[in-house]
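J.: just to be clear, the model below is a prediction. Sequence and coordinates:
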Amino acid sequence: MTDTTPPLLEFKNITVVRDGRTLLDSLSLTVGAGEHIALLGPNGAGKSSFIRLITREYYPSFQGEHGAFRIWGRDRWHVFDLRSHLGVVSNDLQHTFTRDMSGREVVLSGFFSSVGLFTHKVTGEMERKADEILAFLEIEHLGDRPMTELSSGEARRLLIGRALVHDPAALVLDEPTNSLDLHALHTFRRTIRKIARSGTGIILVTHNLHDIIPEISRVVLMKDGRFWKDGQKAEMLTDANIGGLFSVPVHVKEEEDGYYYATGY
Ligand SMILES: Nc1ncnc2c1ncn2[C@@H]1O[C@H](COP(=O)(O)OP(=O)(O)OP(=O)(O)O)[C@@H](O)[C@H]1O
């Protein structure tokens, strides 16, 4: 990385209004290339709306004074190009994969930003990349399995593979551990940590404290469509902050495994 590398995300004073309702209110956030951050907030805080903002499904309704809305230094993006910089794995996406496709086809579909391969031409190079990703994620055994028969955890790891085909600068994960059991959670955490250590930035959007992998050092607390606090993880994940964020008395503790857990609520 050189000094001239632009930030991955640079949002200043961004407001999103939909159907007369302010979903995101004066957001300002800069995320550097390769940075690992968590966006933590309760239900209804605006987390999904934030993801829709960065995937360009929602547009800023209003940019305050000195407002900015840049991804990788650019104001304007073709959505297709954007996907090679940001690999987004959302729950919305998982629900769209209802077709009978093999795991390998799911990964390959990332090259075309499609939900199937249809008449797209898959090259030998794409095949090689898909196999490399399946191996990196330790999911070669899922390559020939039909997506419709997979567990939530398995399907999610394939969607991560799909998001990685373009070697994005960052992976954006939306509530990634919803509906995972303990074993799936364990495997999933290992996968995400491996990706984080490989140099791909992680932008984790969640309401679960225990999703925050130890590699994440910065946490943004989100509440009522606003970024309420933004700072180093240990300073953000305190009893007072988490209690205030979720409106419950809570005790927050960092365990030996480097994860934070909330108890006493
Ligand atoms: N298109 C829309 N029009 C009006 N209100 C909306 C729209 N989309 C979302 N909302 C409302 O905006 C608020 C924020 O929603 P959002 O889905 O972004 O929150 P969230 O943090 O992702 O919540 P959860 O954790 O429950 O998924 C909610 O109160 C929601 O009902």
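T.: Perfect, thanks for sending it.

J.: mind listing the helices for the stretch 51-200 of the chain?
T.: For the stretch 51-200 of the chain, the helices defined by DSSP state H, counting those that start in this stretch occupy 79-82, 91-96, 103-108, 124-136, 152-164, 182-197.

J.: among those, which is nearest the ligand?
T.: Closest to the ligand of the helices of the stretch 51-200 of the chain is helix 91-96 (C-beta to the nearest ligand atom; 8.5 Å). C-betas here are computed from N, CA, C, even on glycine.

J.: distance of the nearest residue in space to Leu108 that is not next to it in sequence from His166?
T.: The shortest distance from Leu108 to any non-neighbouring residue, by C-beta to C-beta, 6 or more residues apart in numbering, is to Ala130 (5.1 Å). Using C-beta to C-beta, to the nearest Å, Ala130 is found at 12 Å from His166.

J.: so between the two, which is more surrounded?
T.: Neighbour comparison, Ala130 and His166: the larger count goes to Ala130, with 25 against 17 (by other C-beta atoms under 10 Å).

J.: does that one touch Gly103 like I think?
T.: No. If you go by C-beta atoms under 8 Å, Ala130 and Gly103 don't touch, sitting 9.4 Å apart.

J.: residue ranges with poor pLDDT in the stretch 101-250 of the chain?
T.: Low-confidence segments of the stretch 101-250 of the chain, defined by pLDDT under 70: 116-118.

J.: of all the residues in it, which one is nearest the ligand?
T.: The ligand sits closest to His207 of the stretch 101-250 of the chain, with a gap of 5.2 Å, by C-beta to the nearest ligand atom.

J.: can you pull the pLDDT of the closest residue to that residue other than its chain neighbours?
T.: Excluding the flanking residues, the one nearest His207 by C-beta to C-beta, 6+ apart is Pro42, at 5.9 Å. Note for Pro42: predicted pLDDT of 97.

J.: and what of Thr98?
T.: Here the pLDDT value assigned to Thr98 is 69.

J.: please apply the same query to Gly64.
T.: Model confidence at Gly64, expressed as pLDDT, equals 66.

J.: from Val205, how far off is the residue nearest to Leu108?
T.: 26 Å.

J.: can you check His66 too?
T.: From His66 over to Val205 (counting by C-beta to C-beta), the distance is 26 Å.

J.: who's more crowded, the two?
T.: Ranked by neighbour count (other C-beta under 10 Å), His66 and Val205 place Val205 first, with 25 against 8.
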